[in-house]
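Trainee: Could you look at this predicted model? Sequence included:
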Amino acid sequence: MPSKQTTSYAADIKYAFASIDQAKKASQQIGCVGHHTALSGKHYPCKSRSAFLKALGIPEAEELVLKESNQETIDYAVLRWVDDTIGVHTETNQGFKKVPVLWLTSERAFLLKDNREIRQADSDSLIFPLISIKRDGIEKTQATARPIPGNLFRQKVNGVDYPINQFYIGKKIQQDKTNNFAKAASLRLHGPDENFPTPKNQRVVYKRYYVPLPVYYNMSYSINLRADYQAQLNQMMQPFMVYSNNINNFVIYSRNHKYEAFFESYSMENNIDNLGEDEKKYEATIKLRVVGYITGEGVNSQIGDYSTTENPVKIRFPREHVIVGDLNEFGDGFFKE
C-alpha cells in the first residue's frame, strides 16, 4: 500500500503572514529563527525556504513536484500572468508607471485597508488607470476536451470505497538502497578487494510517485481595464492583443503546474457621448477561459497529496527443513552436506 505523504501546499497557506512580526513569532513556534519574504510579498517563518521546510519536516526535493492544484492555484496563475508576465505600463500624470492589478474576490473591507495606494486619500475613490480581475464561473470540461479523457475508479474493499492515489506521475532512483545492493553484489563476487571492477547492478530500487487523478474544469475570468484617457486604454490593451500572436491560446503557470488559457472576447465601453457632468470613463473587458485541473480533496483528504511505493528487487523463497535432515534435490550428483 502506498505510504501517505504531505506536501508544502498547506504550510504555504497556514504560515503566510502580512507582517514580519507575525512571521518571526511563528518561527519561535516551529523551532527556527528569522523570516523570509516570498515573491508574492508574503512573509514566512525561518531565514530561508529550505530552513522553513526542514523545520516542518517536509522533503525539500519533493515539494516542487507534488504540490496540489486547486481553484486558488489557477486563480494565482491568472493573477501572476497579468501582473508579472504582461506587466502593463502606461503614461500617467505622474509619468510612465506600472498599472496596479486588483483581485476582486477579496473582502471589501480588506481591499479598502490593504490597497491605500490605489485610492484617493480624501474620498476613497479609485485612482485610474487600474486593472481588476475576477473569476466569473466554473464548469466541468467535456470528456472529449480533456487532456486525460479516461477515469480511474475508486477501489472497493468489502464493498466500501477505499481512497488511494492511483495516478502515476514518475519515479526516481533510491540512491542509498541501490548502492547497498551494488556493494553487496561486489563483496559477494570479489570479497573485500576493491581492485576488481564493480559488476553492473541489476537491482535498482525506484521510488514511484502517485497523485489523485486530475479532474479538469473550464474556469472563466474577466480582466477589466479602466483608464482616464483613450490613449491610456489603448496602451493597456495592446500587450494583451499581441501576446498569443496569431493563435488564440497560451500557457500560464502557478507553482509547478501549467494551464492552457484562451482569449474568448474583447469589449470596450465609454461614456463620451454622454453630455452630462459625469466623469469620463474608458473601460475594456477581456474574457479569458482557462482549462485547469483539481487534484485531491484538499484539507478533507484522508490520504495526503501524494503517495509513494518502492519496487521489490529481490524475492526469497524459504527452504523447508525436516527432522531427519535435508533431502538431496540433485540426485546422485555432487551434494554439499
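Mentor: Okay, I see it.
Trainee: wait, what's in contact with N311?
Mentor: 205-206, 208 (Cβ atoms under 8 Å, 6 or more residues apart in numbering). Just so you know, the C-beta spots here come from the backbone N, C-alpha and C atoms, and that holds for glycine as well.
Trainee: mind redoing it with 10 Å?
Mentor: By Cβ atoms under 10 Å, 6 or more residues apart in numbering, the residues touching N311 are 171, 174, 203-208.
Trainee: Could you do P212 as well?
Mentor: Applying Cβ under 10 Å, 6+ apart to P212 gives the contacts 68-69, 152, 163-167, 294-297, 301, 303-307.
Trainee: picking up where we left off before, which one of the contacts of N311 is nearest Y243?
Mentor: K171 (36.4 Å; Cβ to Cβ).
Trainee: what bridges to the closest one?
Mentor: Note on K171: beta-bridge partners by DSSP bridges are R208.
Trainee: For it, give its distance to Y210.
Mentor: To Y210, K171 is 10 Å away according to Cβ to Cβ, to the nearest Å.
Trainee: Give me the more crowded residue out of the two.
Mentor: Legend: neighbour count by other Cβ atoms under 10 Å for K171 and Y210, higher for Y210 (19 against 14).
Trainee: elements contacting the longest helix belonging to the chain?
Mentor: Counting residues, the longest helix found in the chain (DSSP state H) is helix 175-190. Helices and strands touching helix 175-190, as assessed by 3 or more Cβ pairs under 10 Å, 6 or more residues apart in numbering; DSSP states H and E, comprise strand 206-211.
Trainee: After the strand it packs on, which helix or strand is next?
Mentor: strand 215-227 (DSSP states H and E).
Trainee: picking up where we left off before, for the longest helix of the chain, give the mean pLDDT please.
Mentor: What helix 175-190 shows for mean pLDDT is 82.
Trainee: Then stretch 27-40?
Mentor: On average, stretch 27-40 scores 87.
Trainee: Name the surrounding residues that touch it.
Mentor: Counting by Cβ under 10 Å, 6+ apart, 11-12, 15-17, 19-26, 43-52, 54-57, 76, 79-80, 84 sit against stretch 27-40.
Trainee: could you redo the last one with a cut-off of 8 Å?
Mentor: Here stretch 27-40 has contacts from 15-16, 20, 23-24, 43-49, 51-52, 54-56, using Cβ under 8 Å, 6+ apart.
Trainee: now the helices for the chain?
Mentor: Taking DSSP H to define them, one finds helices in the chain at 9-14, 20-30, 49-56, 71-80, 108-114, 175-190, 230-242.
Trainee: for stretch 139-146, what is the average pLDDT?
Mentor: For stretch 139-146, mean pLDDT rounds to 82.
Trainee: er, stretch 200-214 I mean
Mentor: 85.
Trainee: got TSV for the helices of the chain, with mean neighbour count too?
Mentor: Shown next, in TSV, are those (neighbours: other Cβ atoms under 10 Å):
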stretch	mean neighbour count
helix 9-14	16
helix 20-30	15
helix 49-56	18
helix 71-80	19
helix 108-114	10
helix 175-190	13
helix 230-242	16
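Trainee: want to try JSON lines for those, with distance to F96 as columns?
Mentor: Output for these, formatted as JSON lines (distance: least, Cβ to Cβ, whole Å):
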{"stretch": "helix 9-14", "distance to F96": "34"}
{"stretch": "helix 20-30", "distance to F96": "31"}
{"stretch": "helix 49-56", "distance to F96": "34"}
{"stretch": "helix 71-80", "distance to F96": "23"}
{"stretch": "helix 108-114", "distance to F96": "25"}
{"stretch": "helix 175-190", "distance to F96": "53"}
{"stretch": "helix 230-242", "distance to F96": "10"}
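Trainee: among the ones you listed, which is nearest R135?
Mentor: Proximity to R135 (Cβ to Cβ) singles out helix 71-80 among these, at 6.3 Å.
Trainee: contacting residues around the closest one?
Mentor: Counting by Cβ under 8 Å, 6+ apart, 67, 101, 103, 105, 133, 135, 138, 219, 221, 252-255, 257-259, 261, 288, 290, 292, 294 sit against helix 71-80.
Trainee: How about stretch 290-304?
Mentor: The contact list for stretch 290-304 (Cβ under 8 Å, 6+ apart) reads 4-6, 10, 68-71, 73-74, 77-78, 141, 145, 147, 163-165, 211-221, 252, 257, 259-262, 305.
Trainee: Equivalent analysis for stretch 43-60, please.
Mentor: Applying Cβ under 8 Å, 6+ apart, the external contacts of stretch 43-60 come out as 6-8, 11-12, 15-20, 22-24, 26-27, 29-38, 63.
Trainee: pull the CA atoms of stretch 299-308 into PDB?
Mentor: Taking C-alpha atoms only, stretch 299-308 is exported to PDB below (Å, rounded to 0.1, in the frame of the first residue of the first chain):
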ATOM      1  CA  VAL A 299      -7.900  19.700   3.600                       C
ATOM      2  CA  ASN A 300     -10.600  17.000   3.600                       C
ATOM      3  CA  SER A 301      -8.200  14.400   2.100                       C
ATOM      4  CA  GLN A 302      -7.600  11.300   4.100                       C
ATOM      5  CA  ILE A 303      -4.700  10.000   2.000                       C
ATOM      6  CA  GLY A 304      -2.400  13.100   1.600                       C
ATOM      7  CA  ASP A 305      -1.400  14.900  -1.500                       C
ATOM      8  CA  TYR A 306       0.600  12.100  -3.000                       C
ATOM      9  CA  SER A 307       1.700   8.500  -2.200                       C
ATOM     10  CA  THR A 308       4.900   6.600  -2.800                       C
END
